[in-house]
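In: With the sequence up front, the predicted model follows.
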Amino acid sequence: MAREHFSLAGKTAVVAGASRGIGQAIAALLGEYGAHVIALSRGADGCRETVDGILEKGGSAESQVCHIGKLEQIEAFFGWLDEHHGRIDILVNNAAANPYYGHILETDAASFEKTLEVNLRGYFFMCTAAGRRMRDAGGGAIVNVASANGLSPGDKQGAYSISKAGIINMGKALARECGEFGIRVNTLVPGLTRTRFAQALHDDDDFMAKMMPHTPLGRGAEPEEMAAAVLYLVSDAASYTTGSSIVVDGGYLA
């Protein structure tokens, strides 16, 4: 397949949770392939490194503050987007919350609510806001980042696993109802990836001792390996791919 099938030239891509890890890698790769990247994070300086990296390579990027757990910030961001760009071609939801790591029976209400506030409610309203604009423009591509825990719950990660299962089904629901508008919606399902967000897992010797023997490739992933899958999903190379969950987990679920 020719490189032009992966070209994102002329497209505006919004990446939520782009300050580090998988989100930063996704933003960098989309910028490399020609998209104008709008990198979102909770703080004003959160995506400075991400944007600078894209600009240094000759790409086009900027950052905006948007905590997707706050509906008023989602509304404000899309108001800004309408005023300054007037379009959105690609949305990647990667922001995530996992405030509690421990036995499911000890999950407190505040941690549970924060997890769903960002991972489920935030993703949903980012998708619907973007989807309405894509519908009016004739189409677009959305990728939501879930987790292998959404298909097989992770130990000591009950609420997080539940939220990620919801993201997977959300992608199917959106794809089913939005295909008529030319909007493709897919889900990336990463396995264990070397990011700051997953540091607690890497530091848990018991967890890693259980995990690695069941991972055929015998290692955790790098963020760039997740970004490559997202590039496919948002590009014309995936023009007939929607409602899919692409598992990138080194064979763990197999």
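Out: Right, received. Where do you want to start? Numbering: from 1, shown residues only.
In: Name the SS class of residue 26, please.
Out: helix (DSSP: H, G, I helix; E, B strand; the rest coil).
In: looking at it, it is touching residue 232, isn't it?
Out: No. Between residue 26 and residue 232 there is no contact under Cβ atoms under 8 Å: 11.7 Å. Where you see a C-beta, it was placed from the backbone N, CA and C, and this is true even at glycine.
In: Which one's more surrounded, these two?
Out: Between residue 26 and residue 232, counting by other Cβ atoms under 10 Å, residue 26 is the more crowded of the two (31 against 17).
In: what about the helices in the protein?
Out: Ranges of helices in the chain, per DSSP state H, are 21-32, 48-56, 71-84, 109-116, 123-137, 158-178, 199-202, 205-211, 223-234.
In: Can you say which of these is nearest to residue 12?
Out: Closest to residue 12 of the helices of the chain, according to Cβ to Cβ: helix 71-84, at 8.2 Å.
In: separation between residue 10 and residue 90?
Out: For residue 10, the distance to residue 90 equals 11 Å [Cβ to Cβ, to the nearest Å].
In: between these two, which one's more packed in?
Out: Between residue 10 and residue 90, counted using other Cβ under 10 Å, the more crowded position is residue 90 (25 against 9).
In: For that one, give the beta-bridge partners.
Out: residue 13, residue 141 (DSSP bridges).
In: And for the closest residue to residue 9 other than its chain neighbours, the neighbour number?
Out: Leaving aside its sequence neighbours, residue 9 sits nearest to residue 34 (Cβ to Cβ, 6 or more residues apart in numbering; 3.6 Å). By the criterion of other Cβ under 10 Å, residue 34 has 16 neighbours.
In: do the same with residue 119
Out: Residue 119: 29 neighbours (other Cβ under 10 Å).
In: What sits closest to it if chain neighbours are left out?
Out: Residue 119 sits nearest to residue 163 (Cβ to Cβ, 6+ apart), 3.7 Å away.
In: How about residue 182?
Out: In space, residue 182 is closest to residue 139, 2.8 Å off (Cβ to Cβ, 6+ apart).
In: The residue nearest to residue 9 contacts residue 12, correct?
Out: No. Contact criterion Cβ under 8 Å: residue 34 and residue 12 do not qualify, at 11.0 Å.
In: quick one: residue 19 from residue 166, how far?
Out: Counting by Cβ to Cβ - residue 19 and residue 166 are separated by 23 Å.
In: So for those two, which sits in the more crowded spot?
Out: Comparing residue 19 with residue 166 by other Cβ under 10 Å, the one with more neighbours is residue 19, at 23 against 18.
In: wait, what's in contact with the more buried one?
Out: Listed by Cβ atoms under 8 Å, 6 or more residues apart in numbering, the contact partners of residue 19 are 39, 41, 43, 46, 47, 49, 50.
In: Also residue 29?
Out: Shown in contact with residue 29 (Cβ under 8 Å, 6+ apart): 224, 227, 228, 230, 231.
In: Let me know the closest of those to residue 130.
Out: residue 230 (15.2 Å).
In: related to what we said a few turns ago, tell me which of the helices of the chain is the most buried.
Out: helix 21-32 (a mean of 26; mean count of other Cβ atoms under 10 Å).
In: got any ranges where the stretch 101-250 of the chain has weak pLDDT?
Out: 195-208, 211 (pLDDT under 70).
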